[in-house]
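# Test case, fold it:
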Amino acid sequence: MLLIIGAVMLMSAPWFFSCTLHAQAIALPNAKQIKWYHREVMVFLHFSMNTFTGNEWGDGTDKPSVFNPTDLDCDQWIRTVKNAGFTCAILTAKHHDGFCLWPSAQTTYDVAASPWKDGKGDVIREFTDACRKYGVKAGLYLSPWDRHEPSYGTAAYNTFYMKQLRELLTGYGPICEIWWDGAGDQMAFDFRQWADTITSLQPDCFIFGAKKASPYVDGRWIGNEDGVAGDPCWATIDRSVIDVENLSLLSTGQVNGSSFVPAECDVTIRPGWYFHAAENTKVKSTATLWNTNYFGSVGRNAVLLLNLPPDTRGRIYATDSTRLDSLGGWIRGTFATNLATGATVTSRHGENGPYPPSMTIDTSENTWYAVPEPFTTDTLLFDLGASCTFDCALLQERIESGQRITTWSLDAYYNEKWNGLATNKQGVGYKRIIKFATVTATQVRIRITAGKAGPMIHTFGLFRSRYAAAPVTAMLPPRLTDKCSQHSGSFRVAGRTLLLPEAFSHTMVRVELFDLLGRTIAVSFVHGNRAILPSPEVLRNSEMLYVRCTADKATASAVVTVPVVTGATR
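Sure, this is the predicted structure:
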């Protein structure tokens with residue numbers, strides 16, 4: 001009897017040890033990181049003294065009188081973000097020159113010393129108010145490097161900076177992210193004190209940082225300003241890599257990194273981070289934003305931070321707005337329909353009780369497929385039931401349980417054989433999107449060939465790239481909001497749907513179409529369900545138009561921006 005048991009144990013040993021060797025310690029995300037991942041694309045707004053001087057890095061000697069936007073409109077900034085479908089914007093509250101966009105009690109080098117609004121303005125107030133109005137999360141960039149402040153380089157500066165953090169985190173409502181730049185002449189920053197200040201005042205605030213901030217940050221720099229992550233891009237990394245700023249490892253992360261610190265990919269839509277009129281013809285194309293930046297960041301387990309610098313008026317330039325809107329249209333259109341929905345899904349390991357393979361294609365945020373322990377590999381087969389045409393595939397792990405899958409491949413069945421779409425890819429994480437030449441197939445399979453622990457797959461999807469414009473809803477002045485609880489009329493304006501509230505029903509409505517310079521393009525008096533379309537010549541020469549609707553019986557008007565997306569901007 002003892003000999004039989006011993007033989008069974010010896011025969012089982014190789015299988016047993018191969019499984020336990022793969023069950024490695026896995027770094028896990030915190031709640032702030034999970035919320036951050038769901039933002040996917042955020043907008044950076046570089047606006048400060050540099051906007052007016054033509055510099056990228058000011059030295060702190062420019063006079064506050066230089067700062068004087070002629071038509072600042074933070075609502076326009078955030079409408080641009082919202083209409084494109086994005087949920088977070090981060091503004092440079094203070095750049096390296098030390099000039100503050102709010103009236104700070106710690107310095108006189110701020111908007112209170114500028115001629116803008118006779119020194120009574122507050123850009124941060126207008127920015128955060130606009131974010132709340134449109135349901136967009138507000139983040140703030142606060143440069144540790146300050147080339148104006150006399151105390152910089154001494155211990156007193158740490159207190160100075162902490163007090164500025166406190167002003168921003170107590171005076172402007174919820175702040176979703178604080179951005180610490182690693183640029184410039186570094187002193188002995190007290191990042192621990194600053195991080196404690198942030199977490200004590202706003203526990204849900206995500207901290208982005210570099211270099212010596214490494215012990216305290218939730219997100220890391222990707223190691224470039226191209227908006228492209230490494231392939232792979234592990235969320236796990238040793239914090240020492242962030243400290244010494246190893247650019248290569250910042251880009252890829254480390255498969256066995258000891259900490260969960262995901263990457264944020266910052267890139268500007270223009271050559272410079274600040275607005276320069278000479279760059280108006282050098283704005284990134286939608287094709288670059290979509291194929292290079294979106295798939296190279298969000299598609300590689302990172303978050304994209306795309307900079308749109310407001311101009312000297314204090315508005316987002318028309319070309320920049322339209323390109324952002326177009327990017328949003330490609331994201332919206334492509335991922336609206338999962339072509340794998342309805343497929344029959346089978347696993348090499350069977351149904352696995354409450355976590356069956358079919359949960360990879362449901363629509364619930366709270367379900368996932370779990371490979372039964374102790375297995376770390378699997379093959380999932382998706383029988384589509386009929387021929388299906390697609391050009392990208394999406395795979396998501398249940399990120400709350402960390403990155404478990406280390407190596408995987410994707411195949412499609414067509415021409416009576418299996419064809420590789422992605423072979424020996426490394427890592428998945430929160431989201432992995434693979435783009436390839438368009439194929440038509442009846443079956444698709446995922447082969448997970450290596451992992452740290454039993455894979456937990458949240459979502460699998462197949463998609464076909466397409467553009468879809470979003471309907472734009474008219475924003476009413478606050479005094480009419482309570483009276484108008486439902487929409488009751490619609491107009492087609494330059495290919496977009498404009499919904500009008502109840503106050504505009506059953507009456508003649510004046511609809512005026514005008515451009516960014518305030519020039520009237522068209523005026524009509526209409527009832528609901530009418531189309532207002534300017535001439536083809538207008539569409540060819542205009543990238544952003546405004547619509548103002550005024551009802552005869554309404555004392556106020558509804559105003560909405562309508563991006564006109566032409567073939568040249570897609």
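
# With adjacent residues omitted, what lies nearest to residue 324?
Sequence neighbours aside, residue 84 is the residue nearest to residue 324 in space, at 4.7 Å (criterion: Cβ to Cβ, 6 or more residues apart in numbering). C-beta coordinates here come from the backbone N, C-alpha and C atoms, glycine included.

# what about that neighbour, distance to residue 426?
Counting by Cβ to Cβ, to the nearest Å, the gap from residue 84 to residue 426 is 31 Å.

# more neighbours, those two?
The neighbour comparison of residue 84 against residue 426 (other Cβ atoms under 10 Å) goes to residue 84, with 24 against 17.

# residue contacts, the residue nearest to residue 324?
Counting by Cβ atoms under 8 Å, 6 or more residues apart in numbering, residue 84 touches 324, 325, 327, 328, 329.

# For it, report the pLDDT, please.
Per-residue pLDDT puts residue 84 at 92.

# Pull up the per-residue confidence for residue 184.
For residue 184, the pLDDT comes out at 90.

# whoops, I mixed them up, residue 321
89.

# What strand or helix carries it?
If you go by DSSP states H and E, residue 321 is part of helix 318-334.

# Could you point out the helix or strand that follows that helix?
Counting by DSSP H and E, what follows helix 318-334 is strand 344-347.

# which parts of that following strand are buried?
345, 346, 347 (16 or more other Cβ atoms under 10 Å).

# do the same with stretch 66-78
Neighbour counts using 16+ other Cβ under 10 Å place 67, 68, 69, 72, 73, 74, 75, 76, 77, 78 of stretch 66-78 among the buried residues.

# So what would you say the end-to-end distance of that stretch is?
The first and last residues of stretch 66-78 sit 25 Å apart, counting by Cα to Cα, to the nearest Å.

# cool, and stretch 285-293?
End-to-end distance for stretch 285-293: 11 Å, by Cα to Cα.

# Excluding its own residues, what touches that stretch? List them.
227-228, 265, 267, 269, 284, 304, 306, 323, 326-327, 330-331, 435, 569-570.

# could you redo the last one with a cut-off of 10 Å?
With Cβ atoms under 10 Å, 6 or more residues apart in numbering as the test, stretch 285-293 has contacts from 41, 226-228, 265, 267, 269, 283-284, 294, 299, 304, 306, 322-331, 334, 435, 465, 467, 565, 568-570.

# I'd like to know which of those residues are buried.
Taking 16+ other Cβ under 10 Å as the criterion, what is buried in those is 41, 226-228, 265, 267, 269, 283-284, 294, 299, 304, 306, 322-331, 334, 435, 467, 565, 569-570.

# And residue 361, its phi and psi?
Here is the backbone geometry of residue 361 (degrees, to the nearest 10): phi -120, psi 10.

# so how many other residues sit close to it?
Neighbour count of residue 361, defined by other Cβ under 10 Å: 20.

# about what we covered before: counting only helices, which of the buried residues of stretch 66-78 make the cut?
Members of those lying in helices (criterion: DSSP state H): 74, 75, 76, 77, 78.

# Mind putting the residues you listed into TSV with distance to residue 458 and pLDDT?
Listed next are these as TSV, based on distance: Cβ to Cβ, whole Å; pLDDT from 0 to 100:
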residue	distance to residue 458	pLDDT
74	36	96
75	36	93
76	36	92
77	33	96
78	30	95
